[in-house]
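Q: Give me coordinates for this.
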Amino acid sequence: MIAVSGPPFPSEVAGKPGLPYGRHLWVILPEQLPAILETAPNVRPPPLESGLAKHSNLTGNGPACCGGELWVDALDPRKLYVNGGSGRYPPRTPDELADAIEVFENLGFSVISAGWDSENDWPFKQFELES
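A: Presented below is the predicted three-dimensional model:
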């Protein structure tokens with residue numbers, strides 16, 4: 001189990017799961033869980049030509065346990081929607097995704113996970129949410 005402390009966001013920008021607005025990127029590093037709003041002001045051009053943060057921006061292109069995307073609930077900032085949707089650092093197993101979700105929960109967040117696609121052996125990126 002990885003031990004991290006402190007909230008993983010510099011700011012809480014809410015968004016609807018699966019949509020670009022409010023999407024944060026996260027990675028798990030030894031003793032850190034950095035996250036950044038994908039379209040944060042400090043990643044817009046000129047710092048990054050694309051204007052979008054990437055998971056490798058959180059790691060300096062170094063290794064990470066795993067990563068994904070998250071959205072902060074609009075009504076409850078302690079509720080997160082989390083997936084393993086990193087192209088570079090995806091969770092490799094359902095257990096690794098479950099461990100990552102547990103890290104967020106141990107920081108005091110209520111987490112809704114997109115889950116694991118066992119048919120394709122890959123984390124789901126989309127959420128099955130009730131209307």
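
Q: For the residue nearest to A114 when sequence neighbours are not counted, which residues are in contact?
A: Residue nearest to A114 in three dimensions, not counting chain neighbours: N83, with 3.7 Å by CB to CB, 6 or more residues apart in numbering. Placement of C-beta: from N, CA and C, glycine included. Residues near N83 by CB atoms under 8 Å, 6 or more residues apart in numbering: 68-70, 113-114, 123-127.

Q: Spell out the residue ranges of the helices in the protein.
A: Under the criterion DSSP state H, helices of the chain are mapped to 55-59, 94-106.

Q: For these, give me TSV that also has distance to A35.
A: Formatted as TSV, the helices of the chain follow (distance: least, CB to CB, whole Å):
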stretch	distance to A35
helix 55-59	7
helix 94-106	10
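
Q: Just name the most buried of the ones you listed.
A: Most buried of these, by mean neighbour count (mean count of other CB atoms under 10 Å): helix 55-59, with a mean of 20.

Q: Which neighbouring elements make contact with that one?
A: The contact analysis (3 or more CB pairs under 8 Å, 6 or more residues apart in numbering; DSSP states H and E) places helix 55-59 against strand 24-28, strand 35-37.

Q: Quick test: name the residue nearest the centre of this protein.
A: Against the mean C-alpha coordinate of the chain, by CA atoms, centre = their mean, the closest residue is E69 at 3.2 Å.

Q: pLDDT at that residue, what is it?
A: Listed pLDDT for E69 reads 96.

Q: ok, back up a step: between the helices and strands packed on helix 55-59, which gets nearest to A98?
A: Proximity to A98 (CB to CB) singles out strand 24-28 among those, at 12.6 Å.

Q: on that earlier part again, which of the contacts of N83 are buried?
A: Those of the contacts of N83 that meet the buried threshold are 68-70, 113-114, 123-125, 127, by 16 or more other CB atoms under 10 Å.

Q: Quick check: neighbours of the helix or strand of the chain with the lowest mean pLDDT in the sheet, parallel or antiparallel?
A: Of all helical and strand segments in the chain, the minimum by mean pLDDT, DSSP states H and E falls on strand 35-37, at a mean of 88. Here strand 35-37 has these sheet partners by DSSP bridges: strand 24-28 (antiparallel).
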